[in-house]
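Asks: Just the structure for this:
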Amino acid sequence: MKSLSSAKLGSALFFTTGLVVALVHLRLAVGYLAPEVAGAWVLAITFGTWVLLLDLGFSPTFTREMSFALGAPGDSTARRADLVAASRKFFACLAVLAFVVAAPLGAIVLASLVADAAGRAISVAWALYALGIALVVRANGDLAILDGLGEIALARAVKGTAVVAGLVLAAAALAAGAGVVGLGAAMALQGAILALAAATLRKRRQGSARATASAAATLRELTPASLRWAAMQLGTLLLMNTGNVVIAYQVGVAEVPSFEALMKACAAFHGFAVVLIAATVPLQSRLHAAGDATELRSLMFRNARFAPFVVATLGVAFALNAEAIVAAWLGPTVHVDPRVAWTIVAVMVLESHHVALALSALAAGHVAFAVPALVAGALNVVVALLLAPVLGAWGVALALLATQLATNNWYVPAYVLRLFKVPLREYVAAVLAPVLAALAAMGLVQALAALALGSRPAFIAPATIAFAAALAGAACWRFARRAPHAY
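Replies: This next block holds a predicted model:
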């Protein structure tokens, strides 16, 4: 039996590690590289996220199916062996495809944004980075199996170790004068470390039982659900990972780091909350397989209360102090627009709410959000292209907020409540009312503190941040304490 609390702790530690690494990595890139090259490297990281979409939704599907196998009555050894064999073959082929497709295409696009020698350097860096991404794709198959086996904390520890190693290598490369090519080499080595460690641990935990079904048969069975998941991933990518590209072409590549800093900070609050509730997904799959609808609904409500409250608490504190925080982080040359910060905070609060609900539906095997996700993603790109020439980065942020409100923010909650037969009145009383009341109380305390410290402005920012951190910490502690203890 694996402790759910340890899974959440492992997920939280991995997220914190990844966040710190991402923040430091961005600071290193801005500090060591020319503005245009730094902007191009941030775009390279964005393109790397796009390449990871090539798993076609099979990673979460393998995790869910492995959890179903463990939760089902009877001996599941054969089923688990079939899943492992299929995942190994599929992700090995996918890794090769990812590199062959991504390396030349990304190099051409990035070189077009930066001239002369810098363009050639970013092309080489991207090729190395694409190799690292391909190795991450390979590792994702083994990590998905580990997650499904309940080894969530172990899988997160492996990923955390790899990203820390990548940061150390990147810092050493930049300090040695290797520039953006050194960053690419560091990312390639990071991918190799992750792939080797994930394969070794998966083999030790699952063993080498012989598959009873062909990999092709298993993949055909998993394809429909996986493709629906992939469609949702594509919609999310078009929503959350195209703003930098629009800004690069419509506003200027040198403006990318500023927008990326705000997106990364606000997405961090969203990710922190989601990574904790995502640790309950294997448990929710097992509760669904066991027919325990009462506990499944209770866990869904708990997640839907927790995520938006934490994101709003941390996001408001950040937006109030965004200019000072980004200046301390990336230096005084990187300027931010407070309007962008507030808009992105609103996006992430609403996003965390519907993601919390969507995870419960996905854990139960209902992958039904592909169409609204794709519509939202495509609409976001169109609106951003229209608004960016007029409003700059704020137009890109407004496009994201408007398209989310028009699609995912209402459709996902409506679908999930109908799926689990939850009356709207019950949901409002159990989830929305407590969250809104808590946020109103938080806002009142923040306003009173600002009035009390008005004569000492130097204390306002630290007090605001400390108060938000204390509230978020208390919410996390309560969330972990009230969670089921084992699965």
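
Asks: how many other residues sit next to P104?
Replies: P104 has 14 neighbours, counted by other C-beta atoms under 10 Å. Quick note: C-beta positions are derived from backbone N, CA and C, even for glycine.

Asks: Show me what the helix or strand hosting it is packed against.
Replies: Using DSSP states H and E, P104 sits within helix 77-111. Counting by 3 or more C-beta pairs under 8 Å, 6 or more residues apart in numbering; DSSP states H and E, the packing neighbours recorded for helix 77-111 are helix 35-52, helix 58-71, helix 116-148, helix 179-206, helix 215-240.

Asks: T313: which of those helices is closest?
Replies: helix 215-240 (21.0 Å; C-beta to C-beta).

Asks: need the next SSE after the closest one, C-terminal direction.
Replies: helix 243-250.

Asks: quick revisit: just the buried positions in the helix holding P104, please.
Replies: For helix 77-111, the neighbour count (16 or more other C-beta atoms under 10 Å) marks 79-91, 94-95, 98-99, 102-103, 106-107, 109-111 as buried.

Asks: again with stretch 421-434
Replies: Within stretch 421-434, the residues scored as buried using 16+ other C-beta under 10 Å are 422, 427, 430-432.

Asks: Could I get the contacting residues of A399?
Replies: A399 makes contact with 380, 383-384, 386-388 under the criterion C-beta atoms under 8 Å, 6 or more residues apart in numbering.

Asks: And A125, by the same measure?
Replies: Counted by C-beta under 8 Å, 6+ apart, A125 has contacts 41, 44, 180-181, 183-184.

Asks: low-confidence ranges in the stretch 51-200 of the chain?
Replies: By pLDDT under 70, the low-scoring segments of the stretch 51-200 of the chain are 71-76.

Asks: how's this protein carved up into domains?
Replies: 1-220, 242-487 (automatic domain parsing).

Asks: need those in TSV with distance to G235, can you?
Replies: As requested, the domains of the chain are arranged in TSV below (distance: least, C-beta to C-beta, whole Å):
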stretch	distance to G235
domain 1-220	11
domain 242-487	3
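
Asks: quick one on the thing from earlier: in the contacts of A125, find the pair that's most separated.
Replies: A44 and V181 (11.7 Å).

Asks: higher neighbour count, these two?
Replies: In this view A44 and V181 are compared by other C-beta under 10 Å, and A44 has more residues nearby, 25 against 18.

Asks: quick one, what contacts the spatially most central residue of the chain?
Replies: Of all residues in the chain, the one closest to the mean position by C-alpha atoms, centre = their mean is G271, 5.6 Å from it. Going by C-beta under 8 Å, 6+ apart, G271 touches 15, 19.

Asks: what do you get for the one 3 residues further on?
Replies: Contacts here follow C-beta under 8 Å, 6+ apart; on that basis V274 touches 307, 352, 355-356, 359.

Asks: Can you say which of these are buried?
Replies: If we count by 16+ other C-beta under 10 Å, the contacts of V274 have these buried: 307, 352, 355-356, 359.

Asks: So which of those is the closest to L23?
Replies: S352 (19.9 Å).

Asks: quick one: which helix or strand includes the closest one?
Replies: Residue-wise, S352 maps onto helix 338-363 under DSSP H and E.

Asks: for the record, mean pLDDT for the helix or strand following that helix?
Replies: For helix 338-363, the succeeding helix or strand toward the C-terminus, using DSSP H and E, is helix 370-391. Average pLDDT, helix 370-391: 89.

Asks: buried residues in the helix or strand following helix 370-391?
Replies: Downstream of helix 370-391, the first helix or strand assigned by DSSP H and E is helix 393-406. For helix 393-406, burial by neighbour count (16+ other C-beta under 10 Å) applies to 393-404, 406.

Asks: Return the residues in contact with A86.
Replies: A86 neighbours (C-beta under 8 Å, 6+ apart): 62, 211, 215, 218-219, 222.

Asks: Hmm, which of those is lowest in pLDDT?
Replies: Comparing these by pLDDT, A211 comes last, at 63.

Asks: mind checking how far K203 is from A197?
Replies: Note on K203: its distance to A197, by C-beta to C-beta, to the nearest Å, is 11 Å.

Asks: who's more crowded, those two?
Replies: A197 (19 against 14).

Asks: My guess is that one contacts T161. True?
Replies: Yes. Between A197 and T161 there is a contact under C-beta atoms under 8 Å: 7.1 Å.

Asks: Using PDB, list the CA coordinates for the helix or strand harbouring A165.
Replies: Using DSSP H and E, A165 maps to helix 152-175. Output of helix 152-175 as PDB, limited to C-alpha atoms (Å, rounded to 0.1, in the frame of the first residue of the first chain):
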ATOM      1  CA  ILE A 152       4.400   8.500  -7.700                       C
ATOM      2  CA  ALA A 153       6.900   9.900  -5.200                       C
ATOM      3  CA  LEU A 154       9.600   7.800  -6.800                       C
ATOM      4  CA  ALA A 155       8.800   8.900 -10.300                       C
ATOM      5  CA  ARG A 156       8.800  12.600  -9.200                       C
ATOM      6  CA  ALA A 157      12.100  12.100  -7.400                       C
ATOM      7  CA  VAL A 158      13.700  10.800 -10.600                       C
ATOM      8  CA  LYS A 159      12.400  13.700 -12.600                       C
ATOM      9  CA  GLY A 160      13.400  16.200 -10.000                       C
ATOM     10  CA  THR A 161      17.000  14.800  -9.900                       C
ATOM     11  CA  ALA A 162      17.200  15.000 -13.600                       C
ATOM     12  CA  VAL A 163      16.100  18.700 -13.800                       C
ATOM     13  CA  VAL A 164      18.500  19.700 -11.000                       C
ATOM     14  CA  ALA A 165      21.300  17.900 -12.900                       C
ATOM     15  CA  GLY A 166      20.300  19.800 -16.100                       C
ATOM     16  CA  LEU A 167      20.400  23.100 -14.300                       C
ATOM     17  CA  VAL A 168      23.900  22.500 -12.800                       C
ATOM     18  CA  LEU A 169      25.100  21.500 -16.300                       C
ATOM     19  CA  ALA A 170      23.500  24.600 -17.900                       C
ATOM     20  CA  ALA A 171      25.000  26.900 -15.300                       C
ATOM     21  CA  ALA A 172      28.500  25.300 -15.800                       C
ATOM     22  CA  ALA A 173      28.100  25.700 -19.600                       C
ATOM     23  CA  LEU A 174      27.200  29.300 -19.400                       C
ATOM     24  CA  ALA A 175      29.900  30.100 -16.900                       C
END
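
Asks: I'd say S123 and L110 touch.
Replies: Yes. Here S123 reaches L110: they are 6.3 Å apart, a contact under C-beta under 8 Å.

Asks: right, and the secondary structure at V334 would be what?
Replies: The three-state label given to V334 by DSSP: H, G, I helix; E, B strand; the rest coil is coil.

Asks: Pull the contacting residues for it.
Replies: 30, 257-258, 261, 326-327.

Asks: For PyMOL, what selects the buried ones among these?
Replies: This is how PyMOL selects the buried members of the contacts of V334, with burial counted by 16+ other C-beta under 10 Å:
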select buried, resi 30+257+258+261+326
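
Asks: could the contacts of V334 be laid out in TSV, adding distance to D337, secondary structure and pLDDT?
Replies: Converted to TSV, these look like this (distance: C-beta to C-beta, whole Å; DSSP: H, G, I helix; E, B strand; the rest coil; pLDDT from 0 to 100):
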residue	distance to D337	secondary structure	pLDDT
V30	17	helix	85
P257	13	helix	82
S258	8	helix	84
A261	11	helix	86
V326	10	helix	85
A327	13	helix	83
